[in-house]
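Colleague: Coordinates for the following, if possible.
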Amino acid sequence: MSVYSYQAVTTANQEVPLDLYQGKVLVIANTASKCGLTPQYGELQKLYDRYRDQGLVVLGFPCNQFGGQEPGTSEEAESFCQINYGVNFPVFAKVDVNGEDAHPLFKYLREQQPGVGEDNSIQWNFTKFLVNRDGEVVGRVEPKESPEAMTAEIEKLLGV
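Modeller: Presented below is the predicted three-dimensional model:
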């Protein structure tokens, strides 16, 4: 089992098998447009710009489970991050990351890299998971930590 076993839905309601990203290093984050941490969109974009030619892909999943900070549609969330942060990495349709209705990918990510909570739940927007080229979840960076905190590990996984 790996992240490649899962699918995501685009904002245009198209299913995308995550094995499309096989052989890439992935950063998978739950995101929000109206959060104090929203500037991390820009930081994630910088990582993507710096390392995409070496094989890094950032995948954003808007989520409205934390303080109602992603209240609009999936399309509005995608447009917001493109207009305000120049985001051109894939941003998918809104998902739940905790609870009964959590997207299966996020259930898997939480199982592979438990967080600080007893139930391994995601604590807030911009929890970031690092996935190696084999689809194995190898790291978890909590929301208050900058995406830059993953740089050394990303470089190691990319071999740069």
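
Colleague: from here on, contacts and neighbour counts on C-alpha atoms
Modeller: Will do.

Colleague: Would you mind naming the helix or strand containing the most centrally placed residue in the chain?
Modeller: Nearest to the mean C-alpha position of the chain, by Cα atoms, centre = their mean, lies A29 at 2.0 Å. Assessed by DSSP states H and E, A29 sits inside strand 25-31.

Colleague: just to revisit the earlier point, who are the contact partners of the closest residue to the residue nearest to the centre of the chain other than its chain neighbours?
Modeller: Excluding its sequence neighbours, the residue lying closest to A29 (Cα to Cα, 6 or more residues apart in numbering) is K128, at 4.4 Å. By Cα atoms under 8 Å, 6 or more residues apart in numbering, the contact list for K128 reads V27, I28, A29, N30, R140, V141, E142, P143, P147.

Colleague: Pairing partners for the fourth one in the sheet, please.
Modeller: Beta-bridge pairing of N30, defined through DSSP bridges, involves F61.

Colleague: Name the residues of stretch 91-103 that come out as buried.
Modeller: V91, F92, A93, K94, V95, D96, V97, N98, H103 (16 or more other Cα atoms under 10 Å).

Colleague: same question but for stretch 144-152, I mixed them up
Modeller: S146, P147, M150.

Colleague: Stretch 4-24 now?
Modeller: Y4, Y6, Q7, A8, V9, T10, T11, L18, Y21, K24.

Colleague: Between the two ends of that stretch, what distance do you get?
Modeller: 11 Å (Cα to Cα, to the nearest Å).

Colleague: and what of stretch 54-65?
Modeller: 33 Å.

Colleague: now it, how far from the chain's geometric center?
Modeller: 3 Å (Cα atoms, centre = their mean, to the nearest Å).

Colleague: which residues are contacting that stretch?
Modeller: 21, 23-33, 44-45, 48, 69-71, 74, 77, 89-98, 125, 154, 158, 160.

Colleague: Can you give the contact residues for stretch 106-116?
Modeller: By Cα under 8 Å, 6+ apart, the list of residues contacting stretch 106-116 reads V3, V97, N98, N120, S121, I122, F129, V137, V138, G139, R140, E142.

Colleague: With distance to T38, pLDDT and secondary structure as extra columns, can I get these in JSON lines?
Modeller: Output for the contacts of stretch 106-116, formatted as JSON lines (distance: Cα to Cα, whole Å; pLDDT from 0 to 100; DSSP: H, G, I helix; E, B strand; the rest coil):
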{"residue": "V3", "distance to T38": "25", "pLDDT": "96", "secondary structure": "helix"}
{"residue": "V97", "distance to T38": "17", "pLDDT": "95", "secondary structure": "coil"}
{"residue": "N98", "distance to T38": "19", "pLDDT": "93", "secondary structure": "coil"}
{"residue": "N120", "distance to T38": "23", "pLDDT": "80", "secondary structure": "coil"}
{"residue": "S121", "distance to T38": "20", "pLDDT": "87", "secondary structure": "coil"}
{"residue": "I122", "distance to T38": "16", "pLDDT": "89", "secondary structure": "coil"}
{"residue": "F129", "distance to T38": "17", "pLDDT": "96", "secondary structure": "strand"}
{"residue": "V137", "distance to T38": "24", "pLDDT": "96", "secondary structure": "strand"}
{"residue": "V138", "distance to T38": "24", "pLDDT": "96", "secondary structure": "strand"}
{"residue": "G139", "distance to T38": "21", "pLDDT": "94", "secondary structure": "strand"}
{"residue": "R140", "distance to T38": "18", "pLDDT": "93", "secondary structure": "strand"}
{"residue": "E142", "distance to T38": "14", "pLDDT": "90", "secondary structure": "coil"}
